[in-house]
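Asker: I'd like to go over a predicted model; first the sequence, then the structure.
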Amino acid sequence: MNTGLHIDSDYFSLLEDNFLKHIGHEHITELCAGLDLEREKWGNLEIPEALDLRIRDFIKLEQKRRKKKERSVRFLRYSKRAAVILLLFVAANYVLITSVEAYRIRILNAFVSIKDKFTQIDFVDSKEEITEPIPETKTVYYYPAYIPAGFQLAKEHTLHKIVILNYQNSSGNSIIFQQLGLQSSIQVDSENGTVSRISINNDDEAVLIEKEDMVSVTWKQGEAAFFIQAQGVERSEILKMAESITPQ
Amino acid sequence: MLSFILAIEDKQTRDKLEELYLTYNRELYYVAYRILNNYHDAEDVIQNAFIKLSRHLDNISDVKCKKTRAFLVIIVRNLSLDRCREKKRIVPVDFEEEQRDVADDKISLEEHVLHLERGKELAKALDKIHPAYADILSLKYYYEYSNKEIGELINLSSDNVSLKLHRAKAALRKILSEGGGNK
C-alpha cells in the first residue's frame, strides 16, 4: 500500500537522521578528547602578535557594526511609535476642531494673538480722504526745556519736519525724543505692557505705554506730533520732560 | 597575548567573539599550523574562521563547552584543508558522476539500535578514513546547518557539500557493512 511505503520512508529517514546526529555527537567528543591528549603541544603555544592585532581590529569593527545595527533597529522601532502617536494626536485634534466650537475658537485665538504685540498710534484719521494738498508752512521745532538729572544730549538729527534727539547718562540709559509730522504713525511695542490715555499740554488723547522699565509717551501739540521713549527713567520724569517742550 | 587583553577596552562586558578567541586561540592555531606548516597561512585561516564565526554567533550559547570547541576546530580544520587544496590546485570531481556509485540500503529498527550502540567506534573509524567527512556530517546532523550554511562556513559550494555528505554516508555504510569500528 502506498500509505505504508510513505510512512516507512519517512520513518527510515528519521532513523537515519537520528543515527547521523549521534555519529556527529560522538565525533565531536572524540575531537575534543584528541585535542586534550595533545595539550602539551599547544598548551603553551605563543600566539604571534600580528594575529592578535588582526583579530582585535576585526572584533572592534564587528562591535561597531553591531552597535550601528542596534541603533538603527531602535530608531526604527521608536520612530514607528512616534509616527503612530503623532497620527493619533492629529486625528484627535481634527475631530475636536471640527466638532467642538470652544476648542476651535481657542486654537484660532492662539494664532490670532501672535499679531497683537504692538500699539499703532495714528495722528490723523486714516479713513479721511485728503482731497486738498497740505499747505506748506514753516516748521516750528520744539525742544524739551527739562532734562532728567544726569542726562545729556548725545546725538541730534534733523530732517524736514523730523527731529530726533538722543539723551544719555553715565549708566548707559537713554531717552529718545522725536518730533514728527502729523501724517506720521508710530508703532510701539506694547506686548505684556499697559497702555493708557493721559493729558499732556492740552492733548487729552496722549498715549502712555509702560512695559517693564520702559516708558513711552506720544502726543500732539500744534502742527507736530511728539514721542519720548526711555528705559530706566521714572514715569514722572518723562512726563515732566514732555510737558516742558518749548518752540525754538 | 597580554597586549591583546590590555587592548580590550571594556573587560566587564567582554564580547562573545573576544571570549571565543581568548579561550581557543592556542589550539586553533595549533590545528591550522599542523595542516598548513606555515605561520602566515595559519594566521589567515584563523582570521577567516573568526569572520565566518561572527555571522553565526547567535547559534553559540555557551562559549566554554565541548560543542562550541569542536565547532571552531571543525571550521579551522576545513578552512586549512581548503587552503591546502588551493595551493595544490586540486580540481573537485563532478557531482553527478559520483552520485551513481552509491546504493541506498534500508535497515531495520533493530539494526538501527545496534548501530547507535557502536556510534563511538563508527565515528572514530570514519574520522580515520576521512576527517572532513566526519566534520561535514557533524555540521549537518549535529549542528543542524543547511548545505548552504555549511558551504559558507568551510568555503564550499552547496553542490560540493551535498556531494561530500553523500560520500560521507556511503563511507559510513561501507564501514557498517564490513563490520568496521568493532573492537
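Answerer: Arrived safely. Residues are numbered from 1 along each chain as shown, chains lettered A, B, ... in the order given.

Asker: use CA for all of it now, contacts and neighbours both
Answerer: Fine.

Asker: Output the contacting helices and strands for the helix or strand harbouring A:Ser79.
Answerer: Taking DSSP states H and E as the criterion, A:Ser79 maps to helix A:49-99. Contacts of helix A:49-99 with other secondary structure elements, assessed using 3 or more C-alpha pairs under 8 Å, 6 or more residues apart in numbering or on different chains; DSSP states H and E, are made with helix A:101-112, helix B:2-7, helix B:16-36, helix B:39-54.

Asker: redo that, cut-off 7 Å
Answerer: helix A:101-112 (3 or more C-alpha pairs under 7 Å, 6 or more residues apart in numbering or on different chains; DSSP states H and E).

Asker: Nearest to chain B within chain A, name that residue for me.
Answerer: Minimum separation of chain A from chain B (C-alpha to the nearest C-alpha) falls at A:Gly24, amounting to 4.0 Å.

Asker: how about the spatially closest residue to that residue that is not a sequence neighbour, phi and psi?
Answerer: If the residues on either side of it in the chain are set aside, A:Gly24 comes closest to B:Ser138, at 4.0 Å by C-alpha to C-alpha, 6 or more residues apart in numbering or on different chains. Dihedral pair for B:Ser138: phi -60, psi -40, per degrees, to the nearest 10.

Asker: Please spell out the segments of chain A that come in under the pLDDT threshold.
Answerer: A:1-7, A:108-118, A:120-138 (pLDDT under 70).

Asker: Going along the chain, name the strands of it.
Answerer: Counting by DSSP state E, chain A has these strands, from start to end: A:118-122, A:142-144, A:152-159, A:162-168, A:174-181, A:185-189, A:194-200, A:203-211, A:214-221, A:224-231, A:245-247.

Asker: Tell me the residues of chain A that contact chain B?
Answerer: Applying the criterion C-alpha under 7 Å from any C-alpha of the partner chain, the portion of chain A that neighbours chain B consists of A:17, A:19-28, A:31-32, A:42-43, A:45, A:47, A:49, A:51-52, A:55, A:59.

Asker: Return the subset of the residues you listed lying in helices.
Answerer: In this view, the residues of chain A next to chain B that belong to helices under DSSP state H are A:17, A:19-28, A:31-32, A:42, A:49, A:51-52, A:55, A:59.

Asker: how far away is the nearest residue to A:Tyr103 once chain neighbours are set aside from B:Arg83?
Answerer: Distances taken as C-alpha to C-alpha, 6+ apart put A:Ile97 closest to A:Tyr103, at 6.1 Å, once the chain neighbours are dropped. Distance, A:Ile97 to B:Arg83, by C-alpha to C-alpha, to the nearest Å: 73 Å.

Asker: again, but for B:Ile46
Answerer: The value you get for B:Ile46 to B:Arg83, if C-alpha to C-alpha is used, is 12 Å.

Asker: Same question for A:Tyr94.
Answerer: Using C-alpha to C-alpha, which is the criterion applied here, A:Tyr94 is 68 Å from B:Arg83.

Asker: and if you look at B:Pro131?
Answerer: From B:Pro131 over to B:Arg83 the distance is 16 Å, taken as C-alpha to C-alpha.

Asker: Can you give me every residue that contacts residue 42?
Answerer: Since no chain was named, I'll use chain A. Taking C-alpha atoms under 7 Å, 6 or more residues apart in numbering or on different chains as the contact definition, A:Trp42 lies against B:26-27, B:30.

Asker: wrong one, I was asking about chain B
Answerer: For B:Ala42, the contact set (C-alpha under 7 Å, 6+ apart) comprises B:29, B:32-33, B:36.

Asker: Out of those residues, who's the most crowded?
Answerer: In terms of neighbours by other C-alpha atoms under 10 Å in any protein chain shown, the contacts of B:Ala42 top out with B:Ala32 at 26 neighbours.

Asker: In chain B, what helix or strand scores lowest on average pLDDT?
Answerer: Taking all helices and strands of chain B together, the one with the lowest average confidence (mean pLDDT, DSSP states H and E) is helix B:95-99, at a mean of 41.

Asker: got a list of contacts for whichever helix in chain B runs longest?
Answerer: Determined from DSSP H, the single longest helix within chain B is helix B:66-88. Among residues not part of helix B:66-88, those counted as contacts by C-alpha under 7 Å, 6+ apart are A:28, A:31-32, B:28, B:31-32, B:35-36, B:45-46, B:49, B:60, B:132, B:135, B:153-155.

Asker: In PDB, please show the C-alpha coordinates belonging to stretch A:70-86.
Answerer: What follows is stretch A:70-86 as a C-alpha-only set of coordinates in PDB (Å, rounded to 0.1, in the frame of the first residue of the first chain):
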ATOM      1  CA  GLU A  70      21.200  48.000  17.000                       C
ATOM      2  CA  ARG A  71      20.900  51.800  16.900                       C
ATOM      3  CA  SER A  72      19.000  51.800  13.500                       C
ATOM      4  CA  VAL A  73      16.700  49.000  14.800                       C
ATOM      5  CA  ARG A  74      16.000  51.000  17.900                       C
ATOM      6  CA  PHE A  75      15.400  54.200  15.800                       C
ATOM      7  CA  LEU A  76      13.100  52.400  13.500                       C
ATOM      8  CA  ARG A  77      11.100  51.000  16.500                       C
ATOM      9  CA  TYR A  78      10.800  54.400  18.200                       C
ATOM     10  CA  SER A  79      10.100  56.300  15.000                       C
ATOM     11  CA  LYS A  80       7.200  53.900  14.300                       C
ATOM     12  CA  ARG A  81       5.800  54.600  17.800                       C
ATOM     13  CA  ALA A  82       6.300  58.300  17.400                       C
ATOM     14  CA  ALA A  83       4.500  58.300  14.000                       C
ATOM     15  CA  VAL A  84       1.600  56.400  15.500                       C
ATOM     16  CA  ILE A  85       1.400  58.900  18.400                       C
ATOM     17  CA  LEU A  86       1.600  61.900  16.000                       C
END
